[in-house]
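1. Coordinates for the following, if possible.
(one chain, ligands or ions: 6)
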Amino acid sequence: MLFQVLSSLLLTLTAGASSALLPRVDTPAPFNSSLFKDLNVSRGLNYHYYAVPADTGKPTLLFLHGFPSTSYDWRHQVAFFQDKGYGLLVPDMLGYGGTSKPLDPQLYVSSLVTRDIIDILDAESIEQAVVVAHDWGSQTASRLANYFPERFLSYAFLAVGYFTPTSFATPYEENLNLSKAVLGYENFGYWDFFSSEGADQTILDHFDSFWDLFYTNDTTKTITDFSPLGAYEAFITNDTRIPPVDYVTPEERAIQMEAIRQGGLAAPLNWYKIVRGTLEGQDDKGIPQENALIHSPVFFGVALRDYGSVSAPTFLAGALVSSNSTVTVREYNSGHWVQMAFPDEVNGDLLQWIEGLGLDQGVYKFY
Ligand SMILES: *[C@@H]1O[C@H](CO)[C@@H](O)[C@H](O)[C@H]1NC(C)=O
Ligand SMILES: *[C@@H]1O[C@H](CO)[C@@H](O)[C@H](O)[C@H]1NC(C)=O
Ligand SMILES: *[C@@H]1O[C@H](CO)[C@@H](O)[C@H](O)[C@H]1NC(C)=O
Ligand SMILES: *[C@@H]1O[C@H](CO)[C@@H](O)[C@H](O)[C@H]1NC(C)=O
Ligand SMILES: *[C@@H]1O[C@H](CO)[C@@H](O)[C@H](O)[C@H]1NC(C)=O
Ligand SMILES: *[C@@H]1O[C@H](CO)[C@@H](O)[C@H](O)[C@H]1NC(C)=O
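-> Ligands and ions are numbered 1, 2, ... in the order given. You can find the predicted model right below:
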């Protein structure tokens, strides 16, 4: 029943179709510091990324992180797949880490960010890659499938699934009302705070509280303190503290927080501004109609306790209706950060899926 309600929410949401560089935090093991690179992409922005060349016969995996993160989000996957000879490309996404941090939200729309990612593939002479994406990285992965399908072998979405070309066509206020009607609270109410003037400083002023709520094991807090309009801001300006998750060590937490603190939040929050307003919705009108469906294999890692993404049922339905290829679904008893909370399971499932794609038979190409 809940599934049906959420599926119809999804269908409604998708109606119409079914700068200057800042100092860096040294990235510790399992990253090999000599394998980080910088690229001046075609629009003149710098991208900082981790690049491991593939062993002969192995494909390259492109990992796309979300908010508020850097390439370090993928430490467990990097450790696992680089030992197995897979090629790896792990960028700091626009606004984060060693990558440029422009303040103009217009520079963050998908048609531009996907071009940047393709520039990285070109610079590395990778004709086709396997995408693994999480959170807003899934938005970029979706648009890579829409704009550059010939460059990707398959798409793995973790926690946050495929965004159809019309996912951001509905005005924000309408979606808020819809989610309130269906779920009883505004599922994306925090976008309003995140995209508001001065939110970057408010967050930094209450950074521990902010981080606690993003990384809590009690993910029902999402429903009460994270998602509803005004709730996140009230939680952090009160400096509310809650216990941290146990799958991120205190050292790892310090590295993650320092990377974000150094770069600030003004640039990263643009990922919310483009969807809170109309920039992404407008930009998505340029998606070729014939590329609305994904024609390559899809993996969807469902985070069963990620209430913020309403992820399980809605994105699952999205993947199923939006793919014209095979969809592999794996479920984890996880909150949002499934790649950190269940690294062994996620890595094993991704490996099995990648091996099962038959890429070793020379289906993929290099320049
Ligand atoms: C890091 O990468 C460099 C360049 O490929 C290599 O020479 C070095 O052995 C690597 N270090 C480790 C610890 O793997
Ligand atoms: C990046 O490339 C652009 C041309 O695309 C050039 O104008 C700019 O100077 C380059 N920036 C750096 C830092 O090399
Ligand atoms: C959303 O709901 C509020 C309160 O019921 C209402 O005032 C507003 O007009 C609605 N907005 C949209 C875009 O539906
Ligand atoms: C995290 O929450 C899940 C689900 O409520 C529970 O099974 C697990 O034991 C919790 N872990 C910790 C460390 O509290
Ligand atoms: C504010 O902090 C107090 C004390 O830690 C706590 O009991 C209360 O629930 C917090 N309120 C909010 C909105 O987080
Ligand atoms: C789906 O894929 C099949 C086989 O590749 C193809 O024949 C069919 O035209 C595709 N359908 C759409 C709607 O693209």
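2. For the stretch 1-150 of the chain, which segments count as helices?
-> Taking DSSP state H, counting those that start in this stretch as the criterion, the stretch 1-150 of the chain carries its helices at 2-13, 75-83, 110-123, 136-147.
3. how about Leu176, phi and psi?
-> Main-chain dihedrals, Leu176, degrees, to the nearest 10: phi -60, psi -50.
4. Buried ones in stretch 225-240, by neighbour count?
-> Of the residues in stretch 225-240, 225-229, 231-233, 235-236, 240 count as buried by neighbour count, 16 or more other CB atoms under 10 Å. Where you see a C-beta, it was placed from the backbone N, CA and C, and this is true even at glycine.
5. Can that stretch be said to contact ligand 3?
-> No - judged by CB under 6 Å from any ligand atom, stretch 225-240 and ligand 3 are separated, with a smallest distance of 10.8 Å.
6. How far away from the center of its chain is that stretch?
-> Put simply, stretch 225-240 sits 22 Å off its chain's centre (CA atoms, centre = their mean, to the nearest Å).
7. now that stretch: mean pLDDT?
-> For stretch 225-240, the mean pLDDT works out to 96.
8. is any part of that stretch close to ligand 5?
-> Yes - on the criterion CB under 6 Å from any ligand atom, stretch 225-240 is in touch with ligand 5 at 234-235, 238, 240.
9. does Ala199 really touch Trp191, like I thought?
-> No - if you go by CB atoms under 8 Å, Ala199 and Trp191 don't touch, sitting 10.4 Å apart.
10. quick one: which of those two has more around it?
-> Trp191 (23 against 20; other CB atoms under 10 Å).
11. check whether the strand or helix carrying the more buried one contacts ligand 5.
-> With secondary structure defined by DSSP states H and E, Trp191 is part of helix 190-194. No - Helix 190-194 lies out of reach of ligand 5 by CB under 6 Å from any ligand atom, never closer than 13.4 Å.
12. list the helices and strands that helix packs on?
-> helix 231-237, helix 270-276 (3 or more CB pairs under 8 Å, 6 or more residues apart in numbering; DSSP states H and E).
13. okay, the ones you listed in JSON lines with distance to Gly301 next?
-> Supplementary listing: the helices and strands packed on helix 190-194 in JSON lines, determined by distance: least, CB to CB, whole Å:
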{"stretch": "helix 231-237", "distance to Gly301": "25"}
{"stretch": "helix 270-276", "distance to Gly301": "21"}
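14. which stretch among those helices comes nearest Ser142?
-> helix 270-276 (12.5 Å; CB to CB).
15. and whichever helix or strand comes after the closest one, what's its mean pLDDT?
-> Using DSSP H and E, the helix or strand that follows helix 270-276 in sequence is helix 279-283. The average pLDDT within helix 279-283 is 98.
16. Can I get helix 279-283 in CSV? Just the C-alpha atoms.
-> Extracted C-alpha coordinates of helix 279-283, given in CSV (Å, rounded to 0.1, in the frame of the first residue of the first chain):
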residue,chain,number,x,y,z
LEU,A,279,17.5,26.2,-13.1
GLU,A,280,17.8,22.4,-13.3
GLY,A,281,14.2,22.0,-14.4
GLN,A,282,14.8,24.4,-17.3
ASP,A,283,18.2,22.8,-18.1
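17. Give the buried residues for it.
-> 279-281, 283.
18. circling back to that earlier point, switch the helices of the stretch 1-150 of the chain over to TSV; also include distance to ligand 5.
-> Listed next are those as TSV, based on distance: least, CB to the nearest ligand atom, whole Å:
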stretch	distance to ligand 5
helix 2-13	27
helix 75-83	31
helix 110-123	34
helix 136-147	26
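19. Which stretch among those is buried most, on average?
-> helix 136-147 (a mean of 25; mean count of other CB atoms under 10 Å).
20. what's next to that helix, contact-wise?
-> If you take CB atoms under 8 Å, 6 or more residues apart in numbering as the criterion, helix 136-147 is touched by 63-67, 93, 110-111, 113-114, 117-118, 131, 133, 151-152, 155, 157-165, 167, 271, 280, 284, 287-288, 291-292, 294, 296.
21. any idea of the angle it forms with helix 110-123?
-> Inter-element angle recorded for helix 136-147 and helix 110-123: 80 degrees (by axes from the mean of the first three to the mean of the last three CA atoms, to 10 degrees).
22. now helix 136-147: mean pLDDT?
-> Here the average pLDDT along helix 136-147 is 97.
23. near ligand 3 at all, the helix holding Trp191?
-> No - counting by CB under 6 Å from any ligand atom, no contacts exist between helix 190-194 and ligand 3, the nearest distance being 12.6 Å.
24. For that helix, C-alpha coordinates in CSV please.
-> Output in CSV follows, covering the C-alpha atoms of helix 190-194 (Å, rounded to 0.1, in the frame of the first residue of the first chain):
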residue,chain,number,x,y,z
TYR,A,190,15.3,21.1,4.1
TRP,A,191,16.1,22.2,0.5
ASP,A,192,14.4,25.5,1.5
PHE,A,193,16.9,26.1,4.3
PHE,A,194,19.9,24.7,2.3
